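Asker: Mind looking at a prediction? Sequence and model below.
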Amino acid sequence: MQTKPDTAPDAPAPDVPLVSVRNLKTWFEIRGGVLDRMLGRDAGTVKAVDDVTFDLARGEVLGLVGESGSGKSTLGRSLLGLVHATGGSASFEGQEVVGLDEPALRKLRSRMQMVFQDPHAALNPAMTIAQSVGHPLTIHGRLKGRDEIRAHVAKTLERVGLSPADTYMDKYPGDLSGGQKQRAVIARAIVLDPVLLVADEPVSMLDMSVRSKILKLMIDLKDQLGLTYLYITHDLASAKFFCDRIAILYLGKIVEIGEARALYAGPKHPYTEALLGAIPDPDPTRTIPRNLPRGEIPDAAKPPRGCAFHPRCPRAFAPCGWELRDLTPVLEARWAGMEEQAHLAERALIGEIPAEVMEGTTARLPAATPGGGADLLAMLERIRSEDPAEPFWTGIKEMRAEADHVAMEFHPALTPRLYAEGTTAAACHLLDPGLTHPRAAAAPVL
Amino acid sequence: MSETSANAATPADAEDPILTVRDLRVFYGTPRGAARAVDRVSLTIRPGETLGVVGESGSGKSTLGRGILRLLPEGTGVDGEVLYKGQNLVKMTPDQLRRMRGPELGLIFQEPMTRLNPLLRIQEHFEEALKQHHPELKRDELRRRALAALGRTGIPPTRYRQYPHEFSGGMRQRIMIALALVLNPTLLIADEPTTALDVIVEAQIIRLLADLKKTTGTAVMLITHNLGIVAEACDRVAVMYGGKIVEEGDARSVFADPQHPYTQALLRSTISLETTELHTIPGAPPSLINPPQGCLFSPRCGHAMKVCARKAPAEQRLEDGRRVECWLHCPGAIPAGEEAPLERQEITVADEA
């Protein structure tokens, strides 16, 4: 099954990418409460897409892979102008999309279309399949006259395998199975002869055996119509099969990007590695590793400093962006496994750990009681000696007991840039030859 | 693993099952007739064992789990036997059943977001569950048990007094698991416990369930559509199709060497990191209202013989203790002349989805 023709036959200039995204940003202001607004207080910003750069060549399939909250859907929607990017650039066939007004966007959208995740929600239940699939033709004034539209719709339905089309034209979405509905959604997306399809989790809601049928259809359509795909998914297995290139997203940023085969054969970013290891595989000889990243994707309104993945990363070290609030999950994991008395004894020494993002490199961890600084330091040292492999401690330069708190000096947070090696690139300090990992010998970089 | 197969091969020697389901049928009334969601299903679960029940939507896997606990919509027909510690749950009164659910039979649902009461603290969830079934317990003991259960699932005591919205999806599912475990059930039925979660969190929960099984000895019936999860977490697997178990046996053997054509096709069509070519199963799952005659899979089966479309195959027990419902495994019983390949009707592409 060919998924990678070098260039589509109708490509005018094969060197110019179909889509070119440069430092794209889609930031959302969080609307605070009434009081916040009256006082002009800033409730914060969610950087759903933050400084993303990539190209998409004609006829190529690029996978945007990430967990929920990674910004992969927002990125796809920003490209189509369905949400408005707040910075950077995204061009489609040489035309800038960012900042375009609605009529211009609408004209552009007949060339780039979207396939949605949930086929049960993507079709209007009160419209027949023929009406839904034919609707874009009416909106864009492409065809006039009922018969002409019906004929074109019938042709499109046949193309996506809803054949004979006559049996489906006048049915309602409720009469169709999940796979049939997804075929209708795809028919609606290709009815205007677009060149780019942004497919947002097109098979995630479907049964296993139906997934391969829809993927097969998408591959056939790509070959027949010369389509280019942006395939948005959380499923690394289908992306491996389907995509030429992959971009792994975490909290709005690309952490690894490159040629699919190379990326799967040798993941460079610890997050990519963790994602690949976490997939449950039907092969009974493969099992999930023990050292899974802890926790979940953090609050995007208060992202971690440095590398956003560092609080969960089993291989994080000094420059990754450690700060005081990263101590909370470390203590919670410890306390979850403790007897209540022992936990209470430790808890009695420590004050409130600030949840706010740390400024600069120094922080104060308050003791629970006045004059408790020395006892608190002793406890922290004990916790560190009991689990010296905990990456959090690599971020601390110095801890000093003051009267009522422990003063902590952290290593400065560095934001990793993309380091290219071969056909992939990853944003990870482990790849920076100028930085040495303290446990480099024990945990070699892949 | 070899022990499991040996047990299954000689059921007489095996440890007594804690749950025995015999010929369970569950049917829903629909405007178009009765839908046989679960059709004569038999299975056993032994102490401490994890049984995976796997199937696609409409296979009856969730209905089977709910049917065992009798958590079904009113008007649903249930027939057959569900024997738990010698008592038949199918014949129990709603009141008797309510006392069983929790301390004997625990349940974990798919969506942790919607199963916790947003107005109650985590503490109150645990106190309510424990008081319901152990009214004699003092406050301190309630708290001790709750914190111990939470600790085992990785939730620190610092968060005992928080509300559900203060937790992430993965943590809420951990809380749900802790809520089920705090009553020390003998059997836990988990219905798609990780489906709503991201892949790393899903892996964390699978690991957790596997670890808990080792430490608590609770038997688990894990209902899922994900074959990978079964391979990862289960001792045995039952593959469901059209309301029936078509193949059941040691999970490793079933995945390594599937014997029913449906199991083979399902494994082949599953997209994994090793997938180099897409395989599909022709046709669509059977109607539960007007099921095809004979073997339910025969209209889609590449091996189908004349007999398959006429008569349902009897259950066969293979040497390794596996159960398979397929004529290929009882060639001796096929009437003369009916081994000929079945002439199949053309399946249109659209029917396939």
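Answerer: Yep, that arrived. Predicted, not measured: the structure shown is a model, and the values here were computed from it.
Asker: who's in contact with the closest residue to A:Val195 other than its chain neighbours?
Answerer: In space, and not counting its chain neighbours, A:Val195 is closest to A:Arg111: 5.5 Å by Cβ to Cβ, 6 or more residues apart in numbering or on different chains. C-betas here are computed from N, CA, C, even on glycine. Contacts here follow Cβ atoms under 8 Å, 6 or more residues apart in numbering or on different chains; on that basis A:Arg111 touches A:92-93, A:192, A:194-196.
Asker: In chain A, what residue lies closest to chain B?
Answerer: Here chain A gets closest to chain B at one residue, A:Gly179, 2.5 Å apart by Cβ to the nearest Cβ.
Asker: Centre of the chain to the helix or strand encompassing that residue, how far?
Answerer: A:Gly179 is part of helix A:178-190 when elements are defined by DSSP states H and E. Centre-to-centre, helix A:178-190 and its host chain are 24 Å apart (Cα atoms, centre = their mean, to the nearest Å).
Asker: Could you confirm whether any residue of the longest helix seen in chain B contacts chain A?
Answerer: Counting by DSSP state H, the longest helix found in chain B is helix B:199-216. Yes. Judged by Cβ under 8 Å from any Cβ of the partner chain, helix B:199-216 and chain A are in contact via B:199-204, B:206-207.
Asker: Dump the residues you listed to a markdown table, plus neighbour count and pLDDT.
Answerer: Output for the residues of helix B:199-216 next to chain A, formatted as a markdown table (neighbours: other Cβ atoms under 10 Å in any protein chain shown; pLDDT from 0 to 100):
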| residue | neighbour count | pLDDT |
| --- | --- | --- |
| B:Val199 | 21 | 89 |
| B:Ile200 | 24 | 91 |
| B:Val201 | 25 | 89 |
| B:Glu202 | 25 | 91 |
| B:Ala203 | 25 | 91 |
| B:Gln204 | 24 | 90 |
| B:Ile206 | 25 | 90 |
| B:Arg207 | 18 | 88 |
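Asker: Farthest out from the centre of chain A, which residue is that? Tell me.
Answerer: A:Gly371 (46.0 Å; Cα atoms, centre = their mean).
Asker: which residues touch that residue?
Answerer: Here A:Gly371 is in contact with A:403-404 (Cβ under 8 Å, 6+ apart).
Asker: on contacts alone, who are the packing partners of the longest helix of chain B?
Answerer: Helices and strands touching helix B:199-216, by 3 or more Cβ pairs under 8 Å, 6 or more residues apart in numbering or on different chains; DSSP states H and E, are helix A:270-278, helix B:139-152, helix B:169-181, strand B:219-224, helix B:227-233.
Asker: looking at the ones you listed, which is closest to B:Glu325?
Answerer: Proximity to B:Glu325 (Cβ to Cβ) singles out helix B:227-233 among those, at 18.8 Å.
Asker: where are the low-confidence patches of chain A?
Answerer: Applying pLDDT under 70 to chain A picks out residues A:1-15, A:32-33, A:35-43, A:437-446.
Asker: How about chain B?
Answerer: Residue ranges of chain B with pLDDT under 70: B:1-14, B:112-113, B:345-353.
Asker: From B:His279, how far out is the closest residue to chain A within the stretch 101-250 of chain B?
Answerer: Of all residues in the stretch 101-250 of chain B, B:Gly228 sits closest to chain A, at 3.1 Å by Cβ to the nearest Cβ. For B:Gly228, the distance to B:His279 (Cβ to Cβ, to the nearest Å) stands at 16 Å.
Asker: same thing with A:Ser209?
Answerer: Taking Cβ to Cβ as the measure, A:Ser209 falls 9 Å from B:His279.
Asker: Of these two, which one has the most company?
Answerer: Between A:Ser209 and B:His279, A:Ser209 has the larger neighbour count (other Cβ atoms under 10 Å in any protein chain shown), namely 25 against 17.
Asker: Contact partners for that one?
Answerer: A:Ser209 touches B:56, B:265-266, B:269, B:280-281, counting by Cβ under 8 Å, 6+ apart.
Asker: residues of the longest helix along chain A that come out buried?
Answerer: Scanning chain A for the helix with the most residues, using DSSP H, yields helix A:208-225. Neighbour counts using 16 or more other Cβ atoms under 10 Å in any protein chain shown place A:208-215, A:217-219, A:221-222 of helix A:208-225 among the buried residues.
Asker: Provide the backbone phi and psi angles at A:Thr287.
Answerer: With angles defined as degrees, to the nearest 10, A:Thr287 sits at phi -130, psi 160.
Asker: do the same with the one 10 residues further on
Answerer: For A:Ile297, the backbone dihedrals are phi -60, psi 130 (criterion: degrees, to the nearest 10).
Asker: my guess is it meets A:Ser70, correct?
Answerer: Yes. In this structure, A:Ile297 is within contact of A:Ser70 by Cβ atoms under 8 Å, at 7.0 Å.
Asker: B:Gly77 and B:Arg25 touch, don't they?
Answerer: Yes. Counting by Cβ under 8 Å, B:Gly77 touches B:Arg25, with 7.3 Å between them.
Asker: got the contact list for residue 165?
Answerer: Going with chain A. Taking Cβ under 8 Å, 6+ apart as the criterion, A:Ala165 is in contact with A:153-155, A:157-158.
Asker: try again with chain B
Answerer: With contact taken as Cβ under 8 Å, 6+ apart, B:His165 is in contact with B:Pro118.
Asker: how about it, secondary structure?
Answerer: What DSSP: H, G, I helix; E, B strand; the rest coil gives for B:His165 is helix.
Asker: Tell me the residues on the stretch 1-150 of chain B that lie near chain A, please.
Answerer: Residues of the stretch 1-150 of chain B that fall close to chain A, judged by Cβ under 8 Å from any Cβ: B:56-57, B:144, B:147, B:150.
Asker: Quick one: those as a markdown table, columns for neighbour count too.
Answerer: Formatted as a markdown table, the residues of the stretch 1-150 of chain B next to chain A follow (neighbours: other Cβ atoms under 10 Å in any protein chain shown):
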| residue | neighbour count |
| --- | --- |
| B:Glu56 | 20 |
| B:Ser57 | 16 |
| B:Arg144 | 14 |
| B:Leu147 | 24 |
| B:Leu150 | 25 |
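Asker: If we ignore the residues flanking it in sequence, what's nearest A:Ala348?
Answerer: Residue nearest to A:Ala348 in three dimensions, not counting chain neighbours: A:Ala368, with 5.9 Å by Cβ to Cβ, 6+ apart.
Asker: tell me the contacts of that neighbour?
Answerer: Counting by Cβ under 8 Å, 6+ apart, A:Ala368 touches A:347-351, A:376.
Asker: Much appreciated, bye for now.
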